[in-house]
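**Student:** how would this look folded up:
(4 chains)
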Number of protein chains: 4
Amino acid sequence: MAYRTAVVGGSGYTGGELLRLLAAHPAMEVAYATADSNAGASVADLHPGLRSAYPDMVLETLDSAALVGLDAVFLALPHGASQQIVPGLVGEVGHVIDLGADFRTPVGNYETWYGTSHQAPELLDTFAYGLPELFRPQIADADHVAVPGCYPTAAALALAPLLDTGSVECESIIVDAASGVSGRGRSLSSVSLYSEASDNFSAYGLLDHRHTGEMEYAMARVADRDVTILFTPHLAPMPRGILATCYARPASGTPTTPGLLEMFREFYSNEPFIEVVDEPPGTKATLGSNAVHLTARADPRTGTVLVIAAEDNLVKGAAGQALQCANLVLGLDETSGLTSCGVAP
Amino acid sequence: MAYRTAVVGGSGYTGGELLRLLAAHPAMEVAYATADSNAGASVADLHPGLRSAYPDMVLETLDSAALVGLDAVFLALPHGASQQIVPGLVGEVGHVIDLGADFRTPVGNYETWYGTSHQAPELLDTFAYGLPELFRPQIADADHVAVPGCYPTAAALALAPLLDTGSVECESIIVDAASGVSGRGRSLSSVSLYSEASDNFSAYGLLDHRHTGEMEYAMARVADRDVTILFTPHLAPMPRGILATCYARPASGTPTTPGLLEMFREFYSNEPFIEVVDEPPGTKATLGSNAVHLTARADPRTGTVLVIAAEDNLVKGAAGQALQCANLVLGLDETSGLTSCGVAP
Amino acid sequence: MAYRTAVVGGSGYTGGELLRLLAAHPAMEVAYATADSNAGASVADLHPGLRSAYPDMVLETLDSAALVGLDAVFLALPHGASQQIVPGLVGEVGHVIDLGADFRTPVGNYETWYGTSHQAPELLDTFAYGLPELFRPQIADADHVAVPGCYPTAAALALAPLLDTGSVECESIIVDAASGVSGRGRSLSSVSLYSEASDNFSAYGLLDHRHTGEMEYAMARVADRDVTILFTPHLAPMPRGILATCYARPASGTPTTPGLLEMFREFYSNEPFIEVVDEPPGTKATLGSNAVHLTARADPRTGTVLVIAAEDNLVKGAAGQALQCANLVLGLDETSGLTSCGVAP
Amino acid sequence: MAYRTAVVGGSGYTGGELLRLLAAHPAMEVAYATADSNAGASVADLHPGLRSAYPDMVLETLDSAALVGLDAVFLALPHGASQQIVPGLVGEVGHVIDLGADFRTPVGNYETWYGTSHQAPELLDTFAYGLPELFRPQIADADHVAVPGCYPTAAALALAPLLDTGSVECESIIVDAASGVSGRGRSLSSVSLYSEASDNFSAYGLLDHRHTGEMEYAMARVADRDVTILFTPHLAPMPRGILATCYARPASGTPTTPGLLEMFREFYSNEPFIEVVDEPPGTKATLGSNAVHLTARADPRTGTVLVIAAEDNLVKGAAGQALQCANLVLGLDETSGLTSCGVAP
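**Tutor:** Predicted coordinates:
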């Protein structure tokens, strides 16, 4: 018997990826899926690659009553929308798995970086920050899960071994990252047009991208002290993928590249979705998978430690990690319904 | 207990895709994989997305003795190579699943289109042409399978409903198709360079592409008479995907679009990997899947029937179809280890 | 002294390309440029690559009075808009160069394919069809020019040598073409998103794309009899470029490939923008240029003549051809401000 | 009368771009072009977009005698090759414009970063470092020019205003950059294949890319003291373009973003190819042009100054800058034959 789930916000790219992964999950089924402006459209029309899995499913206008009693409800909504509906859900459904930013960080961090007051701060404690490799026990024990953002997932997995061991200074960390265009979502905007984004590489969100606050929060928990990060996201001409190139300064001594790689391999030794590799990883090898590929370098010449992380922004950066967390809170095998093999070329 | 298989030619794109699909197959395991010039390299080095599934596997120089007793041996070799090694395999392994051109068509057709004499014509009868939707009983009964080419798969599935029913003339069929660059394989060539292929669309193989003969052969079997096809392949700036746009003339009467769509839906009514759709399909929705998306149109104004087929050239056009055939000859569920959901965007 | 011009509709891709080409024209200057919803924005904001050429120019809301007395006014507007404003312009400006569809074909053809009645049919005779290689004398003598569509330009230049010489049948011509995504313009639509269009190849406008009527009209003028064309456009994952693959049947006899190539070379022997090449041309070699690359094949096996044309849809398919026509009507060197060298890779 | 030039190494992408630009130069002509393994091929075959400009030119095996007396000889050769032939050229030709690394930096820097001894150190002083915006007088006075590398051009133009004014610390500068695949050249390699590079973003040359030494050398000249740079190049899925995102620490005080932008605008106030822009620039707007687009930010929160530079790696990063330098040494208008308008979309 399968756990019954819903995807709230099934018309976008994250929602579509959830539907794709859930269709292959051996122990979950999608009982209900919603859309906002696309309500009434079929899954097959909005996601033509999913027609065979959802031949007849129509995306409905959200009716909270339809969610009551479901085992897990995935929220794939624009930031700010979850806090409107979560208060009505928390007692009615088994677990809320929120892919938005609303329940990821403490209220102060949220309000600083999102610039608005939080509408349901009293519920923040019922959500675990859903990065299993770093916070697995907390997730397994939690009622609900706030799935990390795409960039913070890559950056946190890159930096955690360094910060957990106090190997680098907590100030002056730089995260320079590039994302595929699906990271901008499916809403219409000039920047997202093929003719604009193709053959183009550019930065955006300089100095104040909202994921900065989330990165600092997650890394502070790992380091057990404040962490300051300068985050520069870029838009790369590819549909999926995030590569985060992270720079930090050694806290003391002179780390070596073999030593760093060994530390990373040990830190992630039992992680099914983490690969520590010798050569610089590329995003393509992670496409469609829940894997993160990492490498590290020590540069005594400039006094820098360099770590690079590659992931699929829609899978480990969103829907795959959501499913990984749902597996955890439901007591299933954490890898169920997920692959660590990328679709390449 | 899993069936034991080998991938002979595991370093190229088709071999890599076989390894990816076999890693997720619930009833098969890869006991052995080979490479030619890349022998000695690890699977993980050549296919970094597969590291987690094959952490220690090294591609070996082919040793036929190592294949003896295996349940299924997949050959993903350059055209012409299979006929050299199949004679030594046929009595020693359960089933040969050849992804090359050597055993697809009768000897005359082969020698005409490939311009060389066949080295093992006596074995041609032991191979079924591995297009399950059209030749399922023959495959299930066969010892060995010759998996169709990528273009012929798309074209045959597009044209078969028309030719099987005598709905179109067998002469003057045009197949105008575009393929992603992985169709050219992984060998180094100037045309395959990113800087050459990106932002470029061009035709190649004008008038005499070798897949023409294979299409004509497969379609003649369906039509039960000779079929003549003009095939024009194009190279499109994308890694995967084939779209075949096919033109034929009605044999009699004036077909209608609704009638054609209905005919196609009936013809493929029980096929798990075929979707007949109203709107023109795109290759992207099939990426990573074994699906083929088809639509059809009747144009009374010009006296033409138009059929369009979309597939992933490396899956339904190669490795996925090979696995589908292996499932058949081993008596497994035909869809085992395969998905019909595409990875998009 | 430079001719003074205006670009009406300067915010889209065609308008931007006009501005780019005009910035380099030795004998024209842009006195005025307009936009509709983007009025008030600077050229530099909408076309950041043109900042240095137009450091201070702002796109204005169209004020017809501002056009009075200009030597040439380029209209780069959505189809249907030109016929609204041309009646007020024809006596007030030197030459109207319209890049839309409104004045390309006779009123019957227009109304059949565009499905609306024409608002200024009495002015159709004052416009020449702006394909200089086929209708140079008419353009040079005309007051105004209707610049051909992107697909018709490629198809007409591919088919004209065959139809002019009566070499092929006028029925049963197929034009199977692929365009880069800029052909869809800059307006926001889901299909034009990077995440949708990348890695995707699909057909659209099946059987009834409006450019069909224009192709048939232009080819009928060349053939001096009715011509019937089935046109199938495709969307290719690249920003620019059109490749048209055209199929026709020999009218009599058995043409040969060398004979066809010779015929094409002779037909276009003095054309500065036409290259007849032996190998299949690609779109990339024409990028940014006004060139068209053509090849031809005769296939006695299937009784078909095949012609392929490559061009940049925004240059020879729009803004470049407009400038070529403006040069003609102004009595300038036809190649002024234009290049036949593509920007590749 | 035109200056007579040669392109030595005309088969690669840099050589092809030189041929493209020279074809449009009003005061230069290409008298001779060479290739190595491609000798005997025509320009049109290797660069199909240049057929019209070089209808009959064949790439010759280099014969130094053929260069004697030419006004300018462009060397577009693999690194290490120039120093073999320059000794035989310096007295025989007007000016050598070398696009390779051999004559860019002092012998010690060269030997450290290239790992081999220099074969013609006595000629280093006859070459100016060809970055006109920073070293214009030296270039104008020089006999010969060593054209900077693609990455150093972007990084140097980004960092120079800061280092020239002592605004940032000279240690702990990070240059994180992404290049299109043409930066890898036209030689065959697995990494350069379309199927590998498409949809992929990855770093390479970690810690020790050879352009690091060149950046440090050029910046030390500007800063008049030693400069240390950590340079991380990435490969982006696009044919052309470099974006360099540079991080430095303020030397003192708290710079502001408006102050930085004002400083940059003043520093480059008379530069025809430099645009200082408010919004983050993208590579696409520079495609095919000799422009560099720059922006800057001050981040008091993390104590960082951020500068971003965008350019076309084959133009301002190679062939265009070579032509700009040739204009200088020949006493021509520095912008002759060059555009600052990008071809977009």
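
**Student:** whatever residue of the stretch 201-345 of chain A ends up closest to chain B: neighbour count?
**Tutor:** Nearest residue of the stretch 201-345 of chain A to chain B: residue A:342, at 3.0 Å (C-beta to the nearest C-beta). Yep, even glycine has a C-beta here, placed from its N, CA and C like the rest. Residues near residue A:342, counting by other C-beta atoms under 10 Å in any protein chain shown, number 30.

**Student:** which residues touch the nearest residue to it once chain neighbours are set aside?
**Tutor:** In space, residue A:342 comes closest to residue B:49 once its chain neighbours are excluded; the distance is 3.0 Å by C-beta to C-beta, 6 or more residues apart in numbering or on different chains. Neighbouring residues of residue B:49 by C-beta atoms under 8 Å, 6 or more residues apart in numbering or on different chains: A:284-287, A:289, A:291, A:341-344, B:20.

**Student:** in the stretch 101-250 of chain A, which spans are strands?
**Tutor:** Using DSSP state E, counting those that start in this stretch, the strands found in the stretch 101-250 of chain A span residues A:127-129, A:144-146, A:173-179, A:202-203, A:229-235, A:242-248.

**Student:** mean neighbour count for those - can I get that in TSV?
**Tutor:** Formatted as TSV, the strands of the stretch 101-250 of chain A follow (neighbours: other C-beta atoms under 10 Å in any protein chain shown):
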stretch	mean neighbour count
strand A:127-129	24
strand A:144-146	30
strand A:173-179	26
strand A:202-203	26
strand A:229-235	24
strand A:242-248	27
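
**Student:** could you check which helix or strand contains the nearest residue in space to residue A:314 that is not next to it in sequence?
**Tutor:** Using C-beta to C-beta, 6+ apart and skipping the chain neighbours, the partner closest in space to residue A:314 is residue A:17 (4.5 Å). Residue A:17 is part of helix A:13-23 when elements are defined by DSSP states H and E.

**Student:** centroid-wise, who is the farthest residue in chain A?
**Tutor:** What lies farthest from the middle of chain A is residue A:301; by C-alpha atoms, centre = their mean that is 33.9 Å.

**Student:** re the thing from before, touching, the residue nearest to residue A:314 and residue A:315? I think so.
**Tutor:** Yes. With contact defined as C-beta atoms under 8 Å, residue A:17 counts as touching residue A:315 (6.6 Å).

**Student:** kindly report the residues of the stretch 101-250 of chain A close to chain C.
**Tutor:** Counting by C-beta under 8 Å from any C-beta of the partner chain, the stretch 101-250 of chain A comes close to chain C at A:180-182, A:184, A:186, A:188-190, A:192-199, A:237-239.

**Student:** for chain B, give me its nearest residue in the stretch 51-200 of chain A.
**Tutor:** For the stretch 51-200 of chain A, C-beta to the nearest C-beta, closest residue to chain B: residue A:52, 4.0 Å.

**Student:** any idea how far residue B:315 is from the nearest residue to that residue once chain neighbours are set aside?
**Tutor:** Leaving aside its sequence neighbours, residue A:52 sits nearest to residue B:340 (C-beta to C-beta, 6+ apart; 4.0 Å). Residue B:340 sits 10 Å away from residue B:315, going by C-beta to C-beta, to the nearest Å.
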